[in-house]
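[1] A structural model of the following input is requested.
(2 chains)
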Amino acid sequence: MAKRQYLGNFELVVMLALIRLGENAYGVPIAREIEVRSGRRVSLGSIYATLERLEAKGLVSSELGEPTSERGGRAKKYFRISGMGLREVRATQRMLMKSWQGLRQLEGRRV
Amino acid sequence: MSTLQPPRVATWLLEHFQSSPNNESIAGDLFEEYCQGRSRIWYWKEVLTAITVGLCRELVAHPVSALRAIALAWAVPFMYLYGVTPFLFRLVKPLIPPTWFEPIGPLLVIWWTLDFFLYAATGWTVARFHRAHRTAMVLIAAISVFLYQLRGLPWIWFHAKNTLTNTRFLPYLLIDFVTLILPSLCVVVGGLWGAALERDSRAKEKYVAL
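    Okay, the predicted model is just below:
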């Protein structure tokens, strides 16, 4: 049986941020979204490294915007989740839900 | 437009040592954030993290290339240090005036100059042999050379300890520091030099083609 490769923790967090941000997903808003949702400060370098990995797997696609003066004449790179990426997020969600079920130690507690 | 300028050295490091294809986007994002009030420390931290993350990713993705870069970085100096130098030294020793052997004397300057060219040539070679992952491989080679140079740490400790009581040891301590840093720095300089030469020749080719 072929092994299924689920998304890693940080990969999932980045994918969820991409889904929330929709059209406006580039480095800065992605970092802010992750910080707001998870309370974790993440570096832009690690976000881009994760996005490159996800893009190589075909889970994310990217598009270069126009260079702007607010960015020192550099272009934004917009990322978008692909159909395959969305399926992968759902599969990871299902797997996590299954793993959660029946754990009495975690029932009735707020994290 | 904001007149704020992020730290130039950090930006230069990011542009030259970040091995990600998204280099420009990262630089743009950092610029945007910096102009919105982030600190210089934050900027430096982000730049160093981006370089380190890029380096680790390349190391994991291309371990064979990394090993080859390390082997190249070690092979050339080893051949020089243990093959050429002893032979050359025996040959020219009778011609060298005794005063040249002082801690900071002409012989040391010649030695460091030779070292500079040798390690720069090593960096240049690594850059030429790893065009696809040049930045990361040159950095990996430089780090490996630096780690090898760390074998001189006991001497640094010995000379630093003795300098506190006797300033006679200060030149030795300085020599130790330069010996620790110079080789890896030269590998990086050589690697950048190789990259710049290649960029120039590509630009010339484009110009001729036009």
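[2] what about stretch A:48-58, near chain B?
    Yes. Using C-beta under 8 Å from any C-beta of the partner chain, stretch A:48-58 reaches chain B at A:48-49, A:51-52. All C-beta spots, glycine's among them, are computed from the backbone N, C-alpha and C.
[3] now those residues as JSON lines including distance to B:Pro106, secondary structure and pLDDT?
    As requested, the residues of stretch A:48-58 next to chain B are exported to JSON lines (distance: C-beta to C-beta, whole Å; DSSP: H, G, I helix; E, B strand; the rest coil; pLDDT from 0 to 100):
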{"residue": "A:Tyr48", "distance to B:Pro106": "49", "secondary structure": "helix", "pLDDT": "94"}
{"residue": "A:Ala49", "distance to B:Pro106": "48", "secondary structure": "helix", "pLDDT": "92"}
{"residue": "A:Leu51", "distance to B:Pro106": "54", "secondary structure": "helix", "pLDDT": "95"}
{"residue": "A:Glu52", "distance to B:Pro106": "51", "secondary structure": "helix", "pLDDT": "92"}
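[4] would you format the residues you listed as TSV with neighbour count and distance to B:Tyr207 included?
    Converted to TSV, those look like this (neighbours: other C-beta atoms under 10 Å in any protein chain shown; distance: C-beta to C-beta, whole Å):
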residue	neighbour count	distance to B:Tyr207
A:Tyr48	28	33
A:Ala49	21	35
A:Leu51	26	35
A:Glu52	17	32
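[5] looking at those residues, which one is closest to B:Pro6?
    A:Tyr48 (17.4 Å; C-beta to C-beta).
[6] apart from its neighbours in sequence, what residue is nearest the closest one?
    Nearest residue to A:Tyr48, sequence neighbours excluded (C-beta to C-beta, 6 or more residues apart in numbering or on different chains): B:Asn22, at 4.7 Å.
[7] isn't the one you found right next to A:Lys77, touching?
    Yes. At 5.9 Å, B:Asn22 counts as touching A:Lys77 under the criterion of C-beta atoms under 8 Å.
[8] on the pLDDT front, check the residue nearest to A:Tyr48 for me.
    Per-residue confidence (pLDDT) for B:Asn22: 86.
[9] give the buried residues for the longest helix seen in chain A.
    If you go by DSSP state H, chain A has its longest helix at helix A:83-100. By 16 or more other C-beta atoms under 10 Å in any protein chain shown, the buried positions in helix A:83-100 come out as A:85, A:88-89, A:92.
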